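A.B. asks: No sequence on hand, only this structure:
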Ligand SMILES: C[S@@+](CC[C@H](N)C(=O)[O-])C[C@H]1O[C@@H](n2cnc3c(N)ncnc32)[C@H](O)[C@@H]1O
C-alpha cells in the first residue's frame, strides 16, 4: 500500500493509455516534466498554476521518493509523480495528442563519446514527444552543455512535426522561465551559460 496514494502514479497496475480525467479528477491540461530530480521546478510551477495538472517522471528511485515527500509537504493536488523511464512511459502509457507541455530540464549529458547513445534528447525521443503533444503543444529543453543543446536542436530542427519558437542563452536574453530547477540555480550561481530551446508541435500532425 502506497504511503502517498494521492501523489503516486503506479503505472504497473494500470492499463495503458492513461486517462487523465481518471488520474487527476478533472479535464485540465496536463504538463509533464521528465527527470524532475529534486522536484523544485515542478512544485513551484504547480503552485503557480493550480488549474494545470502536472506529472513528473523520474527514473531514480531516490529522487522519486524525495519528490513524493516534497509534493505532500507542499500540499499540491495538481501533481502526480511516476517512477520509471520517461521514453518508455511516454511511448507505452501516454495517449497520443494528450500532453500540453513537456519539460526536459538539464538531462544527463553523457559527455563521453561511448555513452552518447544514452542521451535522452535523440530522434526517437523527439518523435515520441511529437506524438504525445497536443496541437500547439510545446517541448522546452534546458541544458548547461552547449554541444548537447546544438545536438538536440539539430534533431528537433529536422523533425517536420516541430516549429522552433526560440533558442536563447541566459547570457543574452533572460529566458521566459516560470520556474527553476536545483541544477539551474547551481549553474547560475557558478556563472555558467545555460541554453534554452522551445519547440511547438505544428498543427496538422499527430
Ligand atoms: C542532471 S539531473 C537534472 C535534475 C533536474 N531536472 C534539475 O535540473 O535539477 C537529470 C535527472 O533526470 C533523471 N533521468 C535521466 N534520464 C531519465 C529518463 N530516461 N527517464 C526519467 N528520468 C530520467 C535522472 O535520474 C536525474 O534525476
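C.D. replies: All right, it came through fine. What you see is a predicted model, and the numbers here were worked out from it, not measured in a lab.

A.B. asks: Residues of the protein that sit close to the ligand?
C.D. replies: Counting by Cβ under 6 Å from any ligand atom, the residues of the chain lying close to the ligand are 34-38, 57-60, 63, 85-87, 105-108, 120, 181-184. No exception for glycine: its C-beta is placed from N, CA and C like everyone else's.

A.B. asks: buried subset of those?
C.D. replies: Listed as buried from the residues of the chain next to the ligand are 34-38, 57-59, 63, 86-87, 105-107, 120, 181, 183-184; burial here means 16 or more other Cβ atoms under 10 Å.

A.B. asks: Tell me which of the residues of the chain next to the ligand fall in strands.
C.D. replies: Members of those lying in strands (criterion: DSSP state E): 34, 57-58, 105.

A.B. asks: of those residues, closest to the ligand?
C.D. replies: residue 105 (3.9 Å; Cβ to the nearest ligand atom).

A.B. asks: List the buried residues for the host helix or strand of residue 42?
C.D. replies: Residue 42 belongs to helix 40-48 when elements are defined using DSSP states H and E. Across helix 40-48, burial judged by 16+ other Cβ under 10 Å covers 40-43, 45-46.

A.B. asks: Please report how far residue 119 lies from residue 110.
C.D. replies: According to Cβ to Cβ, to the nearest Å, residue 119 stands 5 Å off from residue 110.

A.B. asks: For residue 181, list the residues it contacts.
C.D. replies: 37-38, 40-41, 105-106, 142 (Cβ atoms under 8 Å, 6 or more residues apart in numbering).

A.B. asks: scratch that, residue 19
C.D. replies: residue 95.

A.B. asks: Do you know the pLDDT at it?
C.D. replies: Predicted confidence (pLDDT) for residue 19: 97.

A.B. asks: Nearest the geometric middle of this structure, what residue?
C.D. replies: residue 33 (2.5 Å; Cα atoms, centre = their mean).

A.B. asks: Quickly find the element holding residue 89.
C.D. replies: Using DSSP H and E, residue 89 maps to helix 86-93.

A.B. asks: what's the lengthiest strand in the chain packed up against?
C.D. replies: Using DSSP E to define each element, the chain has its longest strand at strand 133-143. Here strand 133-143 touches strand 99-105, helix 146-157, strand 195-201, going by 3 or more Cβ pairs under 8 Å, 6 or more residues apart in numbering; DSSP states H and E.

A.B. asks: related to what we said a few turns ago, the residue nearest to the centre of the chain against residue 46, yeah?
C.D. replies: No: using Cβ atoms under 8 Å, residue 33 makes no contact with residue 46, being 9.7 Å away.
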